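[1] give me a model of this one.
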Amino acid sequence: MKWTSATPFNEQVGELTRVFSQWNECEQTVVLYALLRIIPAVQARFLSQAIEHSLHSVAELDTKEINANNPSNYRVYVLYLRTILSMILMGCTSYIL
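    Model (predicted):
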């Protein structure tokens with residue numbers, strides 16, 4: 001994704017949202033975490049509160065947390081994340097993005 005300074009912000013957001021929606025949950029999580037690490041504390045606090053507020057209405061969250069903490073699932077996620085991070089470190093981002 002390359003934008004010029006003439007590209008309207010709403011088009012940039014739309015394109016970023018479109019690309020983000022094509023990634024799987026693990027890839028989305030890695031990207032969100034990377035972005036959260038570089039934003040200022042005030043923005044991070046706002047996003048934290050917005051996320052907490054939105055999670056109150058997610059009925060299946062408890063089931064997903066139980067599955068996420070299942071040791072057999074954990075190993076698969078760790079291997080997948082290691083693969084992605086290794087590819088990023090080696091500069092092979094064209095396969096990820």
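[2] make it CA atoms for all contacts and neighbour counts henceforth
    OK.
[3] quick one: buried residues of the lengthiest helix in the chain?
    Longest helix in the chain, counting residues (DSSP state H): helix 71-89. By neighbour count with 16 or more other Cα atoms under 10 Å, helix 71-89 contains the buried residues 81, 84, 85.
[4] between those, which is nearest residue 38?
    For the buried residues of helix 71-89, the residue nearest residue 38 by Cα to Cα is residue 85; the value is 17.2 Å.
[5] ok, residue 36 touching residue 45?
    No - in this structure, residue 36 is not within contact of residue 45 by Cα atoms under 8 Å, at 10.2 Å.
[6] show me which of those two is the more surrounded one.
    More neighbours surround residue 36 than the other of residue 36 and residue 45, with 15 against 11 (other Cα atoms under 10 Å).
[7] with adjacent residues omitted, what lies nearest to that one?
    residue 44 (6.6 Å; Cα to Cα, 6 or more residues apart in numbering).
[8] the one you found sits in which helix or strand?
    Per DSSP states H and E, residue 44 falls inside helix 41-55.
[9] distance from the chain centre to that helix, please.
    Averaging C-alpha positions (Cα atoms, centre = their mean, to the nearest Å) puts helix 41-55 15 Å from its chain's average.
[10] which residues touch that helix?
    For helix 41-55, contacts defined as Cα atoms under 8 Å, 6 or more residues apart in numbering pick out 36, 61.
[11] what residue ranges in the chain score low on pLDDT?
    Applying pLDDT under 70 to the chain flags residues 1-3, 92-97.
[12] put the alpha carbons of the helix holding residue 44 into CSV.
    Output of helix 41-55 as CSV, limited to C-alpha atoms (Å, rounded to 0.1, in the frame of the first residue of the first chain):
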residue,chain,number,x,y,z
ALA,A,41,0.0,6.5,25.9
VAL,A,42,-3.1,8.7,25.6
GLN,A,43,-4.2,7.0,22.4
ALA,A,44,-3.4,3.6,23.9
ARG,A,45,-5.5,4.4,27.0
PHE,A,46,-8.4,5.5,24.8
LEU,A,47,-8.2,2.3,22.7
SER,A,48,-8.0,0.2,25.9
GLN,A,49,-11.2,1.7,27.2
ALA,A,50,-13.0,1.4,23.9
ILE,A,51,-12.0,-2.2,23.6
GLU,A,52,-13.1,-3.0,27.2
HIS,A,53,-16.5,-1.3,26.5
SER,A,54,-17.0,-3.3,23.3
LEU,A,55,-16.2,-6.6,25.0
